[in-house]
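J.: Sequence plus the predicted model coming up.
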Amino acid sequence: MNFRNLASALAALALTGHGVAADYPVRPIRYIVGFAPGGINDLLARIIAQKLNDTWGQPVIVDNRPGAGGNLAAGLVAKSTPDGYTFMNISTAHTISQTLYSKLDYSLERDLAPVVVLGNSSLIMVIHAGLPAKNVAELVTWAKGNRLVYASGGVGVISHLAMEMFKVTAKIDSTHVPYKGVGPAVPDLISGQSHVMINAIPELMPHTKGGRLRVIGAMTEKRHSFIPDVPTFIEQGYKEFVMGNWTGIVAPAKTPRATVDKIAGEVTRIIRSPEISKRLIEQGVDPWGGTPDEFGKLIRSETARFGAAVKASGAKAD
C-alpha cells in the first residue's frame, strides 16, 4: 500500500470512530424516559423528539419505561449499543440513586455518557385541599397530631428524598406511598388518599387550579416569578431547602463523541429557540442546553451534593 492509499485508509478509519456523526441519523431513534407519561421528563422528551424528527427526518420514538425511580431505564440504556440510536432523559433522581440504593446494575459515571442538560424546574410543596394548613408550619403542626401520608413519583426520586430530608429537619413522621411517576400520584393526592407531595412546578401547578391542591412553599432562593405569591421555604425557616429537578439527555458510554456533540448541539438549538424557550418558561421550566462537558460537571457535583444529603437523612432504598 503506497503512502496515499494508507492515508486514505487511515482517514476512513478515523471517520468510522470519530466522525460517524456526518450522516447521523440514518434510521429511527429510541428516546427512553424512565418515568410514566405526564411528568417533566416526559414533557421535555416529547417536545425534543418532535423537533428532532422535523430537523433530521427520522422518527424519534419516546419509550416510557417507568420503575425503580428511573433506574430500570438507566440500566437498559447502559447496556444498549453505543451508536447514538438509543438515549434517555435522566434527572436529579439518577444522581440521588447513586448513593440511595445499595445495589444498582449501572453506574452513572461509568456506563452513561452526558449529552446535554435540557432545563431545570424548581420544587414546590403541595397539599390536599382539605388539610387545615395554609403554610409549612401549620402542616408540621398537623402532622405531629395526625398520620401524614406523602406521595412521590417513585423510590429514590427527588420527590422522595426531598420529603425524607424535610421529615428529618421538621422532626415529623409520615408514611411514604411511591408511584411510577408523578402522573399516577396526583389523583390520589387530589382525592385525599395522600396528603402532601414535593415535586417540580410544571408537574404540580396545573392541579392547583380550582383549589384541587394548595401550594404552601417553594424551594427557591427567592420567590419564583411563576408563583410570586407563594413564600419560599427560606422565608418559612428552612434555609437549607433550595432544590430543583433538572432533566438532561445521556447515552450509553462509548457513544462516539462526534455523535454526542451533534445531538447536544441540535438539542441546545431547539431548547434555546424563542418558540420552545417561551413554551417551557410558561410551564415553569428554565431552559438550559449546553455542552456534554458542562452536563458532566453538573452530574458530578449533584451526585456529591445529594450523596451527602442521603447520608444525613438516613434514607435508603433496595
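T.: All right, it came through fine. Numbers count the residues shown, from 1 in each chain.
J.: Show me which helix or strand of the chain is least confident by mean pLDDT.
T.: Ranked by mean pLDDT, DSSP states H and E, the weakest helix or strand in the chain is helix 3-17, scoring a mean of 45.
J.: Buried residues in stretch 183-195, which are they?
T.: Across stretch 183-195, burial judged by 16 or more other C-beta atoms under 10 Å covers 183-186, 188-189, 194-195. (Each C-beta comes from the backbone N, C-alpha and C, glycine too.)
J.: So what touches that stretch?
T.: Contacts to stretch 183-195, defined as C-beta atoms under 8 Å, 6 or more residues apart in numbering, come from residues 36-39, 42, 126-131, 148-153, 177, 179, 196-197, 203-204, 207, 212-213.
J.: most centrally placed residue in this structure?
T.: With distances taken as C-alpha atoms, centre = their mean, the residue of the chain nearest its centroid is residue 91 (2.4 Å).
J.: quick one: pLDDT of that one?
T.: Residue 91 carries a pLDDT value of 92.
J.: Export stretch 169-186 to CSV, keeping only CA atoms.
T.: Extracted in CSV, the C-alpha atoms of stretch 169-186 (Å, rounded to 0.1, in the frame of the first residue of the first chain):
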residue,chain,number,x,y,z
THR,A,169,-35.5,18.6,59.6
ALA,A,170,-39.1,19.2,60.8
LYS,A,171,-39.0,16.3,63.2
ILE,A,172,-42.2,14.7,62.0
ASP,A,173,-43.1,11.2,60.9
SER,A,174,-45.0,10.2,57.8
THR,A,175,-45.9,7.2,55.6
HIS,A,176,-44.4,7.1,52.1
VAL,A,177,-46.5,5.9,49.1
PRO,A,178,-44.4,5.7,46.0
TYR,A,179,-45.9,5.7,42.5
LYS,A,180,-44.5,5.0,39.0
GLY,A,181,-44.3,8.7,38.2
VAL,A,182,-46.0,11.9,39.2
GLY,A,183,-48.9,11.5,36.9
PRO,A,184,-50.3,8.4,38.7
ALA,A,185,-49.7,10.0,42.1
VAL,A,186,-51.7,13.2,41.6
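J.: one step back: tell me the one of the buried residues of stretch 183-195 nearest residue 291?
T.: The shortest approach to residue 291 among the buried residues of stretch 183-195 belongs to residue 183, at 31.4 Å (C-beta to C-beta).
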